[in-house]
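Trainee: need the 3D shape of this:
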Amino acid sequence: MVVKAMVGTGLVRRILVDTGADSNILFRNVFDAMGLKESDLKNHQHGVMGLGDNYIKPDGTISLPICLGTGDAKKSVMADFVVLGDSTAYNIILGRKTINELSAVICTKFLTMKFITDKGTVGSIREDLEAAVACDNASLSLRKESKKAAGVFLADLDVRMEDKPRPEPEGDMKKFQIGKSADQFTFVNRNLPHELKGPLMDIVRANSNFFTWTPSDMSGLDPEVMSHQLAVKPDARPVARRRRKISQERADEVAKQTAGLLEAGFIKELEYSTWLSNVVLVKKASGK
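Mentor: Residues are numbered from 1 along each chain as shown. Take a look at the predicted model:
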């Protein structure tokens, strides 16, 4: 949804509230219009990944106050913004970290965002519908003109360190068994001091239940922690779908995948005479 809010010392329109964005994004043209200076920026070590894994180099970061609502029904927090040189249909993208700090809940059906105010009450703001339509139209125009432009304002804007190698074990590694069978093992550095290596191996063995050796060991989450249910209206009339035929190639693939899931213990066999869902196979880009 698109809203307006006080950012820094001025009112900023065309703020996209994006729960899929990891970072807050402030675009350079807005940075300059707000009268901010280059000396206000801090170095930003990470890049920003856009659509298609496009790497976007930020100009830096800056901390600014942001305020939703007015009067007694307002909420103010300090937010860190990543400054990008590209211009888009939006002035600011507000990511989920700041959304959480605002204790905000978004209802897309009613185009409303509710939040806990500074006084502990519940405040709300509605989407700037006129600005949202204008942003959509501008976004469509930019997509037609340049594929690169689309990679910015539709980006997931996830801050990652793609250029850093993953840590790998170093030194002379020694295998030691931590499970009941010989194939349940891990490694420890052979050259570690005995007073460090011994307790470390004891801790790993004591927590051997944290390791999964087969897919069936991944038992999932306890339903008391989290569960998923379909939001079906009690008065909804169920409709049975007829079985659809599939080619032999697809039928063989369904049988193969089903056998693998059964062997792993991820699914179990049930019998329903009527209520079945047709299997849908989609080819990947690799052709599989």
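Trainee: show me how the chain divides into domains.
Mentor: As assigned by automatic domain parsing, the chain contains the domains 2-160, 173-213, 242-288.
Trainee: how about stretch 8-27: buried residues?
Mentor: Across stretch 8-27, burial judged by 16 or more other C-beta atoms under 10 Å covers 8, 12-18, 21-27. Backbone N, C-alpha and C define where each C-beta goes, glycine included.
Trainee: what's the answer for stretch 192-209, then?
Mentor: Buried residues in stretch 192-209, counted by 16+ other C-beta under 10 Å: K197, M201.
Trainee: name the nearest residue to T117, sequence neighbours excluded.
Mentor: Spatial nearest neighbour of T117, excluding adjacent residues (C-beta to C-beta, 6 or more residues apart in numbering): G123 at 4.3 Å.
Trainee: these two touch, right, the one you found and G71?
Mentor: No - with contact defined as C-beta atoms under 8 Å, G123 does not reach G71; the gap is 9.2 Å.
Trainee: neighbour count: these two, which is higher?
Mentor: More crowded of G123 and G71, by other C-beta atoms under 10 Å: G123, with 21 against 7.
Trainee: pull the distance from the helix or strand that contains the more buried one to the chain's centre.
Mentor: Per DSSP states H and E, G123 falls inside strand 122-126. Its chain's average C-alpha position is 25 Å from that of strand 122-126, according to C-alpha atoms, centre = their mean, to the nearest Å.
Trainee: now it: buried residues?
Mentor: For strand 122-126, a neighbour-count test (16+ other C-beta under 10 Å) marks G123, S124, I125 as buried.
Trainee: what sits opposite the second one in the beta ladder?
Mentor: Meaning S124. Beta-bridge partners for S124, by DSSP bridges, are K114.
Trainee: now for it: which residues touch it?
Mentor: G69, A73, T112, M113, K114, F115 (C-beta atoms under 8 Å, 6 or more residues apart in numbering).
Trainee: and the residues you listed, which is closest to L36?
Mentor: Among these, G69 lies closest to L36 (C-beta to C-beta), at 23.7 Å.
Trainee: start from the N-terminal end of the stretch 1-150 of the chain and give the helices.
Mentor: For the stretch 1-150 of the chain, the helices defined by DSSP state H, counting those that start in this stretch occupy 28-33, 96-101, 129-145, 147-153.
Trainee: let me see the mean pLDDT of the second one.
Mentor: I take that to be helix 96-101. The average pLDDT within helix 96-101 is 87.
Trainee: ok, the longest one next?
Mentor: pLDDT averaged over helix 129-145 equals 68, rounded to a whole number.
Trainee: likewise for stretch 189-209?
Mentor: pLDDT averaged over stretch 189-209 gives 87.
Trainee: could you shift the numbering so residue one becomes 29, and keep it that way?
Mentor: I'll keep to 29 as the first residue from here, and by that count the last item is stretch 217-237.
Trainee: dihedrals phi and psi, the residue in the chain sticking out farthest from the centre?
Mentor: Note on the chain: the largest separation between a C-alpha and the mean C-alpha position, by C-alpha atoms, centre = their mean, falls on H222 (42.3 Å). H222 adopts backbone torsions of phi -60, psi -40, taken as degrees, to the nearest 10.
Trainee: ok, back up a step: ok, which pair from the buried residues of stretch 36-55 is furthest apart?
Mentor: Between any two of these (C-beta to C-beta), the greatest distance is 23.3 Å, for R41 and D50.
Trainee: can you give me the strands for the stretch 129-278 of the chain?
Mentor: 133-135, 140-144, 150-154, 186-188, 201-205, 213-217 (DSSP state E, counting those that start in this stretch).
Trainee: quick one: which of those strands is nearest G63?
Mentor: Checking the strands of the stretch 129-278 of the chain against G63 by C-beta to C-beta gives strand 150-154 as the closest, at 25.0 Å.
Trainee: distance from stretch 281-294 to the middle of the chain?
Mentor: Offset of stretch 281-294 from its chain centre (C-alpha atoms, centre = their mean): 28 Å.
Trainee: whoops, stretch 288-308 was the one
Mentor: Mean-position distance between stretch 288-308 and its chain equals 29 Å (C-alpha atoms, centre = their mean).
Trainee: helix or strand with the lowest mean pLDDT in the chain?
Mentor: Ranked by mean pLDDT, DSSP states H and E, the weakest helix or strand in the chain is helix 175-181, scoring a mean of 42.
Trainee: does D146 touch V105 like I think?
Mentor: No - contact criterion C-beta under 8 Å: D146 and V105 do not qualify, at 9.5 Å.
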